[in-house]
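> the following comprises the amino acid sequence and a computationally predicted model.
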Amino acid sequence: MDLAAALRAFTRTVERGSITAAAQDLSLSQPAVSKHIANLERRVQARLLERSARLVRPTPEGQALYDASRSALASIDAAVEGVNAMTETMEGTIRLHAPSCIGGKYLHPFLMKFQRAHPGIAFELMLENRTVDLVFESFDMAFIQGRPSAQDLIVRRLGNARRVLVASPAYLKEHGPVDTLERLSQIPLVTTSRSVTAKNRLALLSRGVPRELDVRSILQSNDAHVVARTLLDGHAAGPVQYLMVADELAAGRLVQILPEWEVRPTELFLAYPSVRFMRPAVRAFADFVLDEMRNVEGIDKA
């Protein structure tokens, strides 16, 4: 029995909750993964997995084996990559998760730049506006808006993503100038759940002094591209991350309104699982992308 291969099949099945999904991730057939797990159960003389119609989950013995073997397998991968690094080659796949607003506009170009320097690296880039479990979904790292609460993560802070109030020239021509907070509370806005409170109030700051303002939100979306498109079409004004509209502001397609006020910013973090040994390729990309992201206009380092 190939013990390392069997452990990889077992740990991936635990992480994905499915033998079929584990087989796809490992580029194996489903019977091959099942055989690896059966061989492993015979080796340890214990049942490691409980199977139902929808889910595969570890038994207590299986959970203990998973906890012990996950970091060991990561150490093996790190050792192999470490040798590759000594010969100035990097290989392997890095799985990334990021919000669509950051991932499409910034992270995607950065990873292509990294690949040009390290052509042996492949990426799996998942862009979704949701919280992920990096360990059980097998992500090497994730870009997260707001400080993560999980205890099994290493977290590196990128900075604050500024949010500004903007409108298109066509919108201002139709609705008139927006030069007071009272006027802002009257006009139609496009917002996100992060820019307004549960009571539909806009959390504003002026020279560090906070204020909440009742607003009229006619469209709320978790997709930054929908928000930007709504603003550019002149359908509504609203708050938006500066990094999403920097080019449009510079070109005059959008203009900042009430520039003395900004919307409460969002903290950005890079997080990855706290295994004992991080693969050299993951570490190299983390350092690279942190340097690149910190040069993005609209991310304050304070």
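Thanks, I have it.
> every contact and neighbour count from this point should use C-alpha atoms.
OK.
> where in the stretch 101-250 of the chain is pLDDT low?
151 (pLDDT under 70).
> quick one, domains of the chain?
Domain ranges of the chain: 3-85, 93-157+268-300, 161-266, per automatic domain parsing.
> mind putting the ones you listed into a markdown table with mean neighbour count?
Formatted as a markdown table, these follow (neighbours: other C-alpha atoms under 10 Å):
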| stretch | mean neighbour count |
| --- | --- |
| domain 3-85 | 17 |
| domain 93-157+268-300 | 17 |
| domain 161-266 | 18 |
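> would you list the phi and psi of residue 210?
phi -80, psi 150 (degrees, to the nearest 10).
> oh sorry, the question was meant for residue 196
Dihedral angles for residue 196 - degrees, to the nearest 10 - are phi -130, psi 160.
> and it, how close does it get to residue 180?
18 Å (C-alpha to C-alpha, to the nearest Å).
> go on, residue 192?
22 Å.
> ok, now residue 33?
64 Å.
> residue farthest from the centroid of the chain?
residue 45 (39.7 Å; C-alpha atoms, centre = their mean).
> how about the helices in the stretch 101-250 of the chain?
108-117, 169-175, 181-186, 224-232, 242-251 (DSSP state H, counting those that start in this stretch).
> mind putting those into JSON lines with distance to residue 124?
As requested, the helices of the stretch 101-250 of the chain are arranged in JSON lines below (distance: least, C-alpha to C-alpha, whole Å):
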{"stretch": "helix 108-117", "distance to residue 124": "10"}
{"stretch": "helix 169-175", "distance to residue 124": "39"}
{"stretch": "helix 181-186", "distance to residue 124": "42"}
{"stretch": "helix 224-232", "distance to residue 124": "21"}
{"stretch": "helix 242-251", "distance to residue 124": "23"}
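> wait, which of those helices is closest to residue 216?
helix 181-186 (6.3 Å; C-alpha to C-alpha).
> for the closest residue to residue 185 other than its chain neighbours, phi and psi?
Nearest non-adjacent residue to residue 185, counting by C-alpha to C-alpha, 6 or more residues apart in numbering: residue 215, 4.4 Å away. When read as degrees, to the nearest 10, the backbone of residue 215 gives phi -130, psi 170.
> how much space is there between residue 215 and residue 290?
35 Å.
> cool, and residue 266?
17 Å.
> contacts only, for the residue lying closest to residue 254 once chain neighbours are set aside.
Using C-alpha to C-alpha, 6+ apart and skipping residues adjacent in sequence, the residue nearest residue 254 is residue 168, 4.4 Å away. Contact partners of residue 168, counting by C-alpha atoms under 8 Å, 6 or more residues apart in numbering, are 231, 232, 233, 234, 237, 253, 254, 255.
> do the same with residue 10
Going by C-alpha under 8 Å, 6+ apart, residue 10 touches 33, 36, 37, 66.
> separation between it and residue 56?
For residue 10 relative to residue 56 (C-alpha to C-alpha), the value is 11 Å.
> again with residue 261
51 Å.
> for residue 4, same thing?
21 Å.
> and residue 238, by the same measure?
From residue 238 over to residue 56 the distance is 45 Å, taken as C-alpha to C-alpha.
> please apply the same query to residue 7.
On the measure of C-alpha to C-alpha, residue 7 and residue 56 end up 16 Å apart.
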